[in-house]
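**Q** coords below, sequence missing:
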Ligand SMILES: Nc1ncnc2c1ncn2[C@@H]1O[C@H](COP(=O)(O)OP(=O)(O)OP(=O)(O)O)[C@@H](O)[C@H]1O
């Protein structure tokens, strides 16, 4: 089976999202679609899956033209798609979700259930996609939910599978598991179109690479191209893939500007998601929080912003206790916040780019006064930010929800980093942005630090933590395992992330038995051989 897109053009008003794109997907290949934010990748895939109709162009399967009026036609033609935001019903089981929308299914009778469970078991076994058909989707980690989506597509006999930034929400371990599944699909002769911004992933898994820029194909590459070459092709200029920064200019005796003291935060079920966490950040210093997703980082950030109640402990900025204050008061106190889930927590999809760039600032100078917005000031600000952060949008009046994922992220970062800050808290600050935008955002974060601000970066990307952090705190099961210097080895940090003290036994579940992190690992010790030694020792075990 081979799939061909010929001369695909798609316009949204005056904006040409796809401009005569040709793409050929061969049987049994993993074809990477690479391109800067807003290049038109998702648009092209949405056309292939029937979600958008092209203005021009053809789609051919084995030389025959297809008419794809909607996803139903795409599925019938053997095309499956896994979106970034899953389309699963959380209160249903895996098997029930598989049955939904399947034309063979009646009113969810037991015969259908039995068949769905059998289908899941069969596809799971064939491609190494382990899933319990009776599990409730709501109880499954993101990586497993994604697997359910893949199984759903495979049961509908997808021969071409579209994966649009599937790894953006996965842990490194889950990414490796996904890659294993992708390889077994390739071996079985299925084709995969894979979109990602992570060049290491492209090199690890792609058979062929097509690069798109501003709606047109600008080149193709093979996985032996270097990351620098791929980055250059993507954005059309040289990109620095490492963060350029001097060590922090703060002495160990500098008074902290921001402190979290013995903080405990509960999750929805009343368990301690953040469990007695303490740390300080000095002015002009970046503290990076490393950890596998789901170890309390989200709750920590939300508590700092006042979006989640604090059960115990204090949050102090420049000597003022923020603990009891509302989120609005904290933002006004100079806390900048880039949340991990931008569409949920940071943007109003139907409001314009310009409005989103002043979301909580519109009623005070310089953007307004006593509840009234100064439209001219808001527009001027938007024009400036759009230029400065290279936000690709048809205009500043465009609803932010129609921007590409990476450009939505740039709107959030632009807003949060363009006001007078006394603390910056950024969770997954570069999620979904291209290498060029990543370089820029990293530079801005370092500039914020260099102006004397305390900065808290939460990231599941260890490369990002290493690139930015002056000290690294590792979180595991709601606790900080240790705070270590930035030249600590990956092995050492990896062990801490997995809950093991590199020079001791795993952390006991009973907090009463837990050793103080500082004692256990020499946290806060100056950078040096000791930690590397520990790491090696731990690795050998
Ligand atoms: N429904 C829509 N209405 C208006 N404009 C749209 C719509 N969907 C996409 N666009 C525009 O089309 C262009 C291409 O967007 P697309 O989402 O395809 O980019 P992308 O390459 O997937 O980017 P990213 O890497 O940021 O996800 C963008 O300028 C976007 O704003």
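**A** Alright, I've got the coordinates. Everything numeric here is computed off the predicted structure, so don't read it as measured data. Residues are numbered from 1 along each chain as shown.
**Q** how about the residues of this protein that lie near the ligand?
**A** 12, 15, 17, 35, 37-43, 392, 402-407 (Cβ under 6 Å from any ligand atom). No exception for glycine: its C-beta is placed from N, CA and C like everyone else's.
**Q** repeat that for 5 Å
**A** Contact residues, the chain versus the ligand (Cβ under 5 Å from any ligand atom): 12, 17, 37-43, 402-406.
**Q** how about those residues in a markdown table, adding neighbour count, secondary structure and pLDDT?
**A** Putting these into a markdown table (neighbours: other Cβ atoms under 10 Å; DSSP: H, G, I helix; E, B strand; the rest coil; pLDDT from 0 to 100) gives the following:
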| residue | neighbour count | secondary structure | pLDDT |
| --- | --- | --- | --- |
| 12 | 13 | strand | 92 |
| 17 | 25 | strand | 96 |
| 37 | 25 | coil | 91 |
| 38 | 24 | coil | 92 |
| 39 | 27 | coil | 94 |
| 40 | 26 | coil | 96 |
| 41 | 27 | helix | 96 |
| 42 | 23 | helix | 94 |
| 43 | 22 | helix | 96 |
| 402 | 16 | helix | 92 |
| 403 | 23 | coil | 93 |
| 404 | 23 | coil | 89 |
| 405 | 21 | helix | 88 |
| 406 | 26 | helix | 90 |
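**Q** and those, which is closest to residue 208?
**A** The closest of the residues of the chain next to the ligand to residue 208 turns out to be residue 41 (Cβ to Cβ; 15.0 Å).
**Q** hang on, the earlier thing: list just the nearest of the residues of the chain next to the ligand to residue 272.
**A** The closest of the residues of the chain next to the ligand to residue 272 turns out to be residue 405 (Cβ to Cβ; 32.9 Å).
**Q** quick one: that closest one and residue 432 touch, right?
**A** Yes - judged on Cβ atoms under 8 Å, residue 405 makes contact with residue 432 at a distance of 4.4 Å.
**Q** quickly list what's touching both of these two.
**A** 37, 165 (Cβ atoms under 8 Å, 6 or more residues apart in numbering).
**Q** what ranges does the stretch 201-350 of the chain have for its strands?
**A** 208-213, 216-221, 258-266, 272-281, 285-290, 312-317, 320-321, 335-338 (DSSP state E, counting those that start in this stretch).
**Q** give the pairing partners of the third one; include direction for each.
**A** Yep, that's strand 258-266 we're talking about. In the sheet, strand 258-266 lines up against strand 272-281 (antiparallel), strand 312-317 (antiparallel) (DSSP bridges).
**Q** now swap in the first one and tell me
**A** Each strand that pairs with strand 208-213, with its direction, by DSSP bridges: strand 30-35 (parallel), strand 216-221 (antiparallel).
**Q** about what we covered before: looking at the strands paired with strand 258-266, which is buried most?
**A** Among the strands paired with strand 258-266, strand 272-281 has the highest mean neighbour count (mean count of other Cβ atoms under 10 Å), at a mean of 22.
**Q** name the surrounding residues that touch it.
**A** Against strand 272-281 from outside (Cβ under 8 Å, 6+ apart): 256-267, 287, 296, 298-300, 303, 311-313, 423, 454-456, 473, 475, 477-480, 483, 511.
**Q** isn't residue 284 right next to residue 453, touching?
**A** Yes - shown here, residue 284 and residue 453 form a contact pair, counting by Cβ under 8 Å, at 7.1 Å.
**Q** the two - which one has more neighbours?
**A** Comparing residue 284 with residue 453 by other Cβ atoms under 10 Å, the one with more neighbours is residue 453, at 23 against 19.
**Q** any idea how far the more buried one is from the ligand?
**A** Distance of residue 453 to the ligand, computed by Cβ to the nearest ligand atom, to the nearest Å: 28 Å.
**Q** domains for the chain, by residue range?
**A** Split into domains by automatic domain parsing, the chain comes to 3-235, 242-326+454-541.
**Q** ok, which of the ones you listed comes nearest residue 333?
**A** domain 242-326+454-541 (6.3 Å).
**Q** same question for that closest one, mean pLDDT?
**A** For domain 242-326+454-541, mean pLDDT rounds to 81.
**Q** pull the distance from that domain to the chain's centre.
**A** Relative to its chain's centre, domain 242-326+454-541 lies at 20 Å (Cα atoms, centre = their mean, to the nearest Å).
**Q** let the chain start at 39 from now.
**A** All right, first residue 39 from here; so that's domain 280-364+492-579.
**Q** hey, which of the strands paired with strand 246-251 is tucked in deepest?
**A** Ranked by mean neighbour count, these are led by strand 68-73 with a mean of 25 (mean count of other Cβ under 10 Å).
**Q** contact partners of it?
**A** 61, 63, 79, 82-83, 220, 224, 229-234, 240, 243-251, 259, 268, 271-272, 472.
**Q** at 6 Å instead, please
**A** 63, 79, 224, 230-233, 240, 243-251, 272 (Cβ atoms under 6 Å, 6 or more residues apart in numbering).
**Q** of the domains of the chain, which is nearest residue 380?
**A** The nearest among the domains of the chain, by Cβ to Cβ, is domain 41-273 at 11.5 Å.
**Q** can you point me to the longest helix in the protein?
**A** Counting residues, the longest helix in the chain under DSSP state H turns out to be helix 148-165.
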